[in-house]
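A.B. asks: Fold the following for me, if possible:
(chains A and B)
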2 protein chains.
Amino acid sequence: MNFEERELNEEQIFKGVLLDVRKSIVELPNGKKSTREFVVHPGAVAILPVEDDYVYLVEQYRFPIKRHLLEIPAGKFDEIGEEPLECGKRELEEEIGKKAKTWIYLGYIHTTPGFSNELIHLYLVKDFEESEMNLDEDEFLEVKKINIKEFEKMILNNEITDAKTIAAYTRAKLIGGI
Amino acid sequence: MNFEERELNEEQIFKGVLLDVRKSIVELPNGKKSTREFVVHPGAVAILPVEDDYVYLVEQYRFPIKRHLLEIPAGKFDEIGEEPLECGKRELEEEIGKKAKTWIYLGYIHTTPGFSNELIHLYLVKDFEESEMNLDEDEFLEVKKINIKEFEKMILNNEITDAKTIAAYTRAKLIGGI
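C.D. replies: Alright, predicted model coming up:
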């Protein structure tokens, strides 16, 4: 089975501070033409920090959804070709003010394959040493330390709705890491 | 703690067949101004169909990531205000050619809160009756019936990377539904 769509033409629609939006004309498996519009994303890393029976989450205001959201620490690649582990270490330190000694790779996820190529690498991290938070100029967040049982309840009752956070929990649980 | 960002101005950057892209100037909690670019999404429903020890997944080519992907059946709201259950029933029938008698709501997720307001409602469904597949004109997919233990392995080993699929599995597992 091969449903590959052959790209006939790609056009950049918008290149902003954050978003790179493209429009492609493609040839479908049945030979007809269609339009695909999508966001080109640099990729990201998200980190589930676990200490004893607790996880560290960050709460921040997410403008697109007009509300505060609880998520695991995460951030985009600084440059094409940055190593996931390097990016993860930077983001963890920036957002929760800690370094971790143990990094366990949990694979990656596609968040919105219908309209973006965003791919997020996931890590489970343990064994911390204190460092300093160092947020971007337009970044405001609060670190929360939450019991894992409570974290599971929050995933179930819609208090945690962030897809990467749920995926990291799931993969960490499946490997017996939490 | 309130990190709300006040919208000073919103501009539509692009309105295509699929994407609605906006740019907002916001006032940050510290009084400074910043730019937020994001995709306005109508919302969607994704359905985890479980029969005995098996799940039904759909495999399709996802142009933004340039590869085939295994996902649970899903689809966007047809119109603003469409009921999630109604949308879910339509998409399940369209994509796997079955109707389900039992619908268990699993809450919702935010897939990409950093650059889109996409919210996906999740359902676990059981007890099927045969119907007919009815795909959109530019939609090509293959239904796969996969053992739940195999499904879990695939989530773990990066064969299943779709965030909504992993989130639906997780919530279904946490309620003891699979």
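
A.B. asks: Let me know the secondary structure of A:N30.
C.D. replies: Here A:N30 is coil, with the state taken from DSSP: H, G, I helix; E, B strand; the rest coil.

A.B. asks: Tell me how many other residues surround it.
C.D. replies: With neighbours defined by other Cβ atoms under 10 Å in any protein chain shown, the count for A:N30 comes to 10. For glycine as for every other residue, the C-beta is placed from the backbone atoms N, C-alpha and C.

A.B. asks: quick one, what contacts it?
C.D. replies: A:N30 makes contacts with B:F140, as judged by Cβ atoms under 8 Å, 6 or more residues apart in numbering or on different chains.

A.B. asks: Quickly note the distance from it to B:E139.
C.D. replies: 11 Å (Cβ to Cβ, to the nearest Å).

A.B. asks: Repeat that for A:I65.
C.D. replies: 27 Å.

A.B. asks: Show the pLDDT at the residue sitting furthest away from the middle of chain A.
C.D. replies: For chain A, the largest distance from the centre (Cα atoms, centre = their mean) belongs to A:G31, which lies 35.3 Å off. Looking at A:G31, its pLDDT stands at 95.

A.B. asks: does A:K144 really touch A:E59, like I thought?
C.D. replies: Yes: between A:K144 and A:E59 there is a contact under Cβ atoms under 8 Å: 5.8 Å.

A.B. asks: Determine the residues that are contacts of both of those two.
C.D. replies: Here A:K144 and A:E59 have A:L70 as joint contacts, going by Cβ under 8 Å, 6+ apart.

A.B. asks: residues in contact with the closest residue in space to A:E91 that isn't next to it in sequence?
C.D. replies: On the basis of Cβ to Cβ, 6 or more residues apart in numbering or on different chains, the spatially nearest residue to A:E91 that is not a chain neighbour turns out to be A:G75, at 3.5 Å. Each residue near A:G75 by Cβ under 8 Å, 6+ apart is listed here: A:44-45, A:87, A:90-91, A:94-95.

A.B. asks: neighbouring strands for the strand or helix carrying A:K23, and are they parallel or not?
C.D. replies: The secondary structure element spanning A:K23 is strand A:20-27 (assigned by DSSP states H and E). Sheet pairing here is set by DSSP bridges, and for strand A:20-27 it gives strand A:6-15 (antiparallel), strand A:33-39 (antiparallel).

A.B. asks: Thanks again, I'm all set now.
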